[in-house]
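> Using only what follows, build the 3D model:
(one chain, ligands or ions: 1)
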Amino acid sequence: MSAAVAPSAARAWLVILLVAVSGYGNYYCYDAIGPVADLLQQQRGFSDAQIGLLNAIYSLPNVVMVLVGGLLVDRFGAPLMTLATATLCLVGALLTAFSPDFYGMAAGRLLFGIGAETMGIASLAAAADYFHGPGSRVALAMASLLAIGRLGSYSADMSPTWFAGAYAQGWQPPLVIAAVMAATSCLAAALYWWADRGPRRAGQLPTSQRAEAFVWRDLLHFGRAYWVMLLLCVLWYAVILAFRSTFSIKYFQHVHELDLATAGEMNSYVFLAAVVATPAFGWLCDRQGRYAPFLAFGALLLPLALAILALTHWNLWITTVLIGVSYSLVPAVMWPLASRLVSAQRLGTAIGLMWVVQNAGVGGANLVAGWLNDRAGASAANPAGYDGMMLFFGTASTLGLACALALWWTAGRRHHELRAATSPGHAAAG
Ligand SMILES: C[C@H](NC(=O)[C@@H](N)CCCCN)C(=O)O
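Numbers count the residues shown, from 1 in each chain. Here you go, the predicted model:
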């Protein structure tokens, strides 16, 4: 990192605000399928496997594309890549909303996914550009981005309540609203690109040439802690995204007998909690200089919540709070930790690689869960048909917890993290 004079705090936070608004539209569109899942089944005859595929197809091409995206972010810089990918997301969202058949919708989700994932990497790289060095507020900056992203997810879940008129007209108007959100995201990305030009030209930010000397062998130097975190990333996100963003609303409707608006609201509180709690946890991590114990605690709450959901009839608020804390804590710790485990020049690639495997996991989890539900005939008339899906999610999240504990034990003890704080970029290398 060769930046001479850091950009002003006002400029840095303006950039975070613009990138966050751009992320809001991205997350809204991602979560726009869950609330229309039941309508797509009723009005268009889609199966659970097809619903799962609409989110899986977001993930599966990214098993390759997001690594390319990470390299492109390192090569061309976060602002240009944010703008380019936001435009691709808009095209994908329009195709999803206006396609006459399943294949067109799936193509739209595919384009949207290719854009959205690389845009996510560019957002984290933007925060790392403007907040770096010992004592920086990188965790708070990244957590603030995530918080506004969660607000987008929350809005999508609340959309059946907020836009009841649109939902009353069927599956399409809600997806048109999602496309409008994608257009807003594009506008914010253009403003970010513009706001970044001054500091970048003045040499206050890392330059895009920094990644030119990339060699694949470098991946081997990421260190054991990075690889364990990668495993945790795939397992934890596979469960949280396939469950919360695809099947949970339907699950609440069919197993817990909630109507669509109430089920969407119940799901949305997880995201709402994350809006406030993610920056709070980010701030706490910056302050304490501790990461791994928080990560392990967050990872524990997910299998616990799934077990309570599947095995008891306890109030849904309990599991909503548990998943809400997990959903706030794990990302608030994981991404700043990633930016400390690898050098700044490799951050796009390091996150890209994590998201390659994560996307394989999320795509696979969506397909497996949809298949398990279809096979068992899961429906409102047969709520027990969801048992296989819950067992699958419970097992994967427990394995995620094991990874978090391994990370804590091998590289996340107090003396490791104190050492990491004084040599960022080389933390816990083994
Ligand atoms: C920052 C992190 N994002 C991811 O892990 C993405 N690969 C997948 C996001 C899917 C929803 N847009 C996060 O959101 O915690």
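> my guess is N26 meets T184, correct?
No - N26 is not in contact with T184 according to Cβ atoms under 8 Å; the separation is 10.2 Å. Every C-beta, even on glycine, is put in place using the N, C-alpha and C of the backbone.
> Between the two, tell me which one has more neighbours.
Between N26 and T184, N26 has the larger neighbour count (other Cβ atoms under 10 Å), namely 29 against 16.
> Excluding residues flanking it in the chain, which one is nearest the more buried one?
A116 (5.1 Å; Cβ to Cβ, 6 or more residues apart in numbering).
> Tell me who's in contact with the one you found.
Counting by Cβ atoms under 8 Å, 6 or more residues apart in numbering, A116 makes contact with 26, 29-30, 58, 85, 89, 92.
> low-scoring pLDDT stretches of the stretch 201-350 of the chain, where are they?
For the stretch 201-350 of the chain, the stretches with pLDDT under 70 are 206-220.
> Enumerate the residues of it near the ligand.
237, 241, 331, 335 (Cβ under 6 Å from any ligand atom).
> Between those residues, which sits nearest D48?
Relative to D48, the closest of these is L241; by Cβ to Cβ it sits at 16.2 Å.
> list the contacts for the closest one?
55, 362, 365-366.
> now, which of the contacts of A116 lie within helices?
Using DSSP state H, the members of the contacts of A116 that fall within helices are 26, 29-30, 58, 85, 89, 92.
> quick one on the thing from earlier: spell out for me the ChimeraX command that would select the buried members of the contacts of A116.
The ChimeraX selection below is limited to those of the contacts of A116 classed as buried (16 or more other Cβ atoms under 10 Å):
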select :26,29,30,58,85,89,92
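> among the contacts of A116, which one has the lowest pLDDT?
Lowest pLDDT among the contacts of A116: Y58, with 90.
> what about it, distance to Y30?
7 Å (Cβ to Cβ, to the nearest Å).
> L72 too?
In terms of Cβ to Cβ, L72 sits 20 Å off from Y30.
> Go ahead and confirm F393 touches L306.
Yes - contact criterion Cβ under 8 Å: F393 and L306 qualify, at 5.5 Å.
> chain center to stretch 327-339, what's the gap?
Once both centres are worked out by Cα atoms, centre = their mean, to the nearest Å, stretch 327-339 turns out to sit 11 Å from its chain's centre.
> Then stretch 189-197?
23 Å.
> Now it: buried residues?
189-193, 195-196.
> check the contacts of A116 against the ligand, which are close?
Applying Cβ under 6 Å from any ligand atom to these, those adjacent to the ligand are Y30.
> Which one of the contacts of A116 is nearest to Y154?
Of the contacts of A116, the one sitting nearest to Y154 (Cβ to Cβ) turns out to be Y30, at 12.3 Å.
> And the closest one, how far from L232?
Counting by Cβ to Cβ, the gap from Y30 to L232 is 21 Å.
> Look at the closest residue to the ligand within the stretch 301-430 of the chain and say how many residues are nearby.
As assessed by Cβ to the nearest ligand atom, the ligand sits closest to P331 within the stretch 301-430 of the chain, at 3.6 Å. Other residues near P331 come to 27 when the count uses other Cβ under 10 Å.
> I177 now?
I177, neighbours per other Cβ under 10 Å, totals 21.
> Name the SS class of it, please.
Look at I177: counting by DSSP: H, G, I helix; E, B strand; the rest coil, its state is helix.
> Which helix or which strand is home to V180?
Assigned by DSSP states H and E, V180 falls within helix 172-201.
> from the buried residues of stretch 189-197, which is closest to the ligand?
So of the buried residues of stretch 189-197, ranked by how close each gets to the ligand (Cβ to the nearest ligand atom), first place is A189, at 15.1 Å.
> do you know how far the residue nearest to that closest one when sequence neighbours are not counted is from A188?
Counting by Cβ to Cβ, 6+ apart, A189 lies nearest to A86, which is 3.8 Å off, once chain neighbours are set aside. Using Cβ to Cβ, A86 is found at 8 Å from A188.
> okay, and the common contacts of these two?
Counting by Cβ under 8 Å, 6+ apart, the residues touching both A86 and A188 are 22, 25.
> Tell me which of these two has more neighbours.
Taking neighbours as other Cβ under 10 Å, A86 and A188 compare with A86 leading, 28 against 21.
> I figured that one hits M119, correct?
Yes - with contact defined as Cβ under 8 Å, A86 counts as touching M119 (6.0 Å).
> Between those two, which contacts overlap?
Listed as contacting both A86 and M119 by Cβ under 8 Å, 6+ apart are 22, 26, 189.
> If we only consider these, which is nearest to P160?
For the shared contacts of A86 and M119, the nearest to P160 is N26 (20.3 Å; Cβ to Cβ).
> gap between stretch 224-233 and the chain center?
The mean C-alpha position of stretch 224-233 is separated from the chain mean by 16 Å, Cα atoms, centre = their mean.
> Hmm, I typed the wrong one, I wanted stretch 302-318.
Worked out by Cα atoms, centre = their mean, stretch 302-318 lies 23 Å from the chain centre.
> from the stretch 1-150 of the chain, which residue is nearest to the ligand?
Y30 (3.9 Å).
> do you know how far that residue is from R150?
Where R150 is concerned, Y30 sits at a distance of 11 Å (Cβ to Cβ).
> With adjacent residues omitted, what lies nearest to G385?
A378 (3.1 Å).
> show me what contacts the residue nearest to A189?
Counted by Cβ under 8 Å, 6+ apart, A86 has contacts 22, 25-26, 115, 119, 182, 185-186, 188-189.
> Identify the farthest-apart pair in those residues.
It's G115 and A188 that sit farthest apart of these, by Cβ to Cβ, at 14.2 Å.
> So is whichever strand or helix holds A122 next to the ligand?
If you go by DSSP H and E, A122 is part of helix 102-130. Yes - using Cβ under 6 Å from any ligand atom, helix 102-130 comes into contact with the ligand via 116-117, 120.
> so G400 is in which element?
Here G400 is assigned to helix 387-411, by DSSP H and E.
> Contacts for that helix, please.
223-225, 228-229, 231-232, 235-236, 238-239, 242-243, 247, 251, 292-293, 295-296, 298-300, 302-303, 306-307, 309-310, 365, 368-369, 372-373, 375-376, 378, 427-428, 430.
> Please repeat the previous calculation with a cut-off of 7 Å.
224-225, 228-229, 231-232, 235-236, 238-239, 243, 247, 292-293, 295-296, 299-300, 302-303, 306-307, 309-310, 365, 368-369, 372-373, 376, 428 (Cβ atoms under 7 Å, 6 or more residues apart in numbering).
> mind checking how far that helix is from the chain centre?
With Cα atoms, centre = their mean, you get 18 Å for helix 387-411.
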